[in-house]
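Chemist: Pasted the sequence and its predicted model underneath.
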Amino acid sequence: MIFIDTAEIIVYGGKGGDGAASFRREKFIEKGGPDGGDGGKGGDVYLITDPALLTLYDFKYQKEFRAGDGEPGRSQKQFGKDGKDLLIRIPVGVIVADLETQTVVDMDKPGMKLLVARGGKGGKGNARMATATRRAPRFRELGREGETRRLRLELKLVAHVGLVGLPNAGKSSLISVISKAKPEIAPYPFTTRSPVLGIVKKGEHSFVVSDVPGLIEGAHEGKGLGLTFLRHVERTKVLAVVIDAAAIDGYEPMQAYETIINELQAYNPKLLEKPRVLVLNKIDLLQPEQIDELRAQFSQKEPHIVFTSAATGEGTDELVNVFFELIAPMLVLEEPVAEPITMELPPLPDDFTIRKEDEYWIVEGKWARYISRYDTTQPWDFQYVQREIRRKKLEEILRQMGAKEGDTVVIHDKAFEIL
């Protein structure tokens, strides 16, 4: 599967159902009253984190998601059914950003649920419009539109250990030995073109390790693949700096070490505050005295140094033990989610915009589209529209903007004159 870690999607809350305008008509019953039912509420759209997902691949081809619409009301005071909610599953570790309100939510735990688009309110039927003085209302409300949001999703993998290193340092081979991951392995740069996750087990315990694609000098500036995947090491609890101890990749071990540390520092200095293990790999190609020399060279720089060979398996058990020792205290602090965490993006304002175009005042927006659906040739619809215009103080706002008596105002596609 292709690894995709960013996506932009549009979500639509369902439209509310229209209310019904009808009157009771039964044999032997004269002058039956209004019995139009209310419309159902539109469905909501939720994002929910699913640990089984590791990529945003599902959003590569489908960009728009829509909840179900509410059903219209019917006669005999039958209410329309609410629209069906839509649940969109995303990987754990996704940062959700609303591009309009700039609201950001970090979905970093399994079972988190985020309301991203509310369904529209259902319209009232004429049975709800009856009053002591208005016994036979012929009017009903229309259902309102649901919220529409454009969201940006950015995945930052949640892993306990992140393997970082230059291309061909042996990270892919190493993760294949200590876990059940099966990355592509070949002797040329950038074999790993996307992060690889593996699960390492020791007795009844386990942790997740991530092989982050190779860094190069200047990765924090966007060179190579570094900038694309450096974000994935931000969530890791422990960093493992993997170095080709035999210098087959053309970098001397100390040069490779300094390059990696400098890139991490330039990208995010806080990365260097994480617990760190220096892994000197490919020791099967070294003599014992060369290993001793490297140990002395790096002992002043790193408290945790492990010599490994992915080819022979030497040192890999020790490496796993060191990982467990560093991770264990952090795992105690983690509290599993007992029940789903439900959060909400703030409601979008039911607002409108006004602009002057030639001699016309153009009113646009969600509210304007809703108002334009009413048939203003009908007196009861026209009265409702007038009431909504007064409630929104539209005329007052227009006059403050310079509108004068006799000017034409177009609300979406319906024209009115300022009196």
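Modeler: Ah, there it is.
Chemist: In contact with Ile260, which residues are there?
Modeler: Contact analysis of Ile260 by CB atoms under 8 Å, 6 or more residues apart in numbering lists Val164, Gly165, Leu166, Leu215, Val241, Ile243. No exception for glycine: its C-beta is placed from N, CA and C like everyone else's.
Chemist: Pick out the most distant pair among those.
Modeler: Using CB to CB, the pair of the contacts of Ile260 lying farthest apart is Leu215 and Ile243, separated by 11.7 Å.
Chemist: intersection of neighbour lists for those two?
Modeler: Gly165, Leu166, Ile260.
Chemist: coming back round to it: out of the contacts of Ile260, which sit inside helices?
Modeler: Using DSSP state H to define helices, no part of those is located there.
Chemist: Looking at those residues, state which has the most neighbours.
Modeler: Counting neighbours by other CB atoms under 10 Å, the top entry in the contacts of Ile260 is Val164, with 30 neighbours.
Chemist: I'd assumed Glu234 was in contact with that residue.
Modeler: No. The criterion here is CB atoms under 8 Å, and Val164 misses it with Glu234 at 11.6 Å.
Chemist: Lys62: neighbour count?
Modeler: Small correction: residue 62 is Gln, not Lys. 10.
Chemist: And stretch 202-209, what's buried?
Modeler: The neighbour-count check on stretch 202-209 (16 or more other CB atoms under 10 Å) flags Phe207, Val208, Val209 as buried.
Chemist: before we move on, what about stretch 5-14?
Modeler: Those would be Asp5, Ala7, Ile9, Val11, Tyr12, Gly13, Gly14, for stretch 5-14 by 16+ other CB under 10 Å.
Chemist: Which ones among the residues you listed lie within helices?
Modeler: Using DSSP H, none of these sit in helices.
Chemist: Check which helices and strands the helix or strand containing Gln386 is in contact with.
Modeler: For Gln386, the host element (DSSP states H and E) is helix 379-391. Packed against helix 379-391 by the contact rule (3 or more CB pairs under 8 Å, 6 or more residues apart in numbering; DSSP states H and E) you find helix 366-372.
Chemist: Ser299: which of the buried residues of stretch 5-14 is nearest?
Modeler: Distances from Ser299 to the buried residues of stretch 5-14, taken as CB to CB, are shortest for Asp5 (36.7 Å).
Chemist: Is it correct that that closest one is in contact with Leu155?
Modeler: Yes. Using CB under 8 Å as the test, Asp5 is close enough to Leu155 to be in contact (4.1 Å).
Chemist: Give the residues shared as contacts by those two.
Modeler: Thr55, Leu56.
Chemist: Just the buried positions in the helix holding Gln386, please.
Modeler: Within helix 379-391, the residues scored as buried using 16+ other CB under 10 Å are Trp380, Asp381, Tyr384, Val385, Ile389.
Chemist: can you redo the residues you listed as a markdown table with distance to Val322 and pLDDT?
Modeler: Putting the buried residues of helix 379-391 into a markdown table (distance: CB to CB, whole Å; pLDDT from 0 to 100) gives the following:
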| residue | distance to Val322 | pLDDT |
| --- | --- | --- |
| Trp380 | 77 | 85 |
| Asp381 | 74 | 87 |
| Tyr384 | 71 | 88 |
| Val385 | 72 | 89 |
| Ile389 | 71 | 90 |
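Chemist: and those, which two are the farthest apart?
Modeler: Among these, Trp380 and Ile389 lie farthest apart (CB to CB), at 15.3 Å.
Chemist: how about the CA coordinates for stretch 395-403, as CSV?
Modeler: Taking Å, rounded to 0.1, in the frame of the first residue of the first chain, the C-alpha atoms of stretch 395-403 are listed here in CSV:
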residue,chain,number,x,y,z
GLU,A,395,-31.5,46.4,6.4
GLU,A,396,-29.7,48.2,9.2
ILE,A,397,-26.3,46.7,8.0
LEU,A,398,-27.0,47.7,4.4
ARG,A,399,-27.8,51.3,5.3
GLN,A,400,-24.6,51.5,7.3
MET,A,401,-22.8,50.4,4.2
GLY,A,402,-24.4,53.1,2.2
ALA,A,403,-27.5,51.5,0.7
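Chemist: Much appreciated, bye for now.
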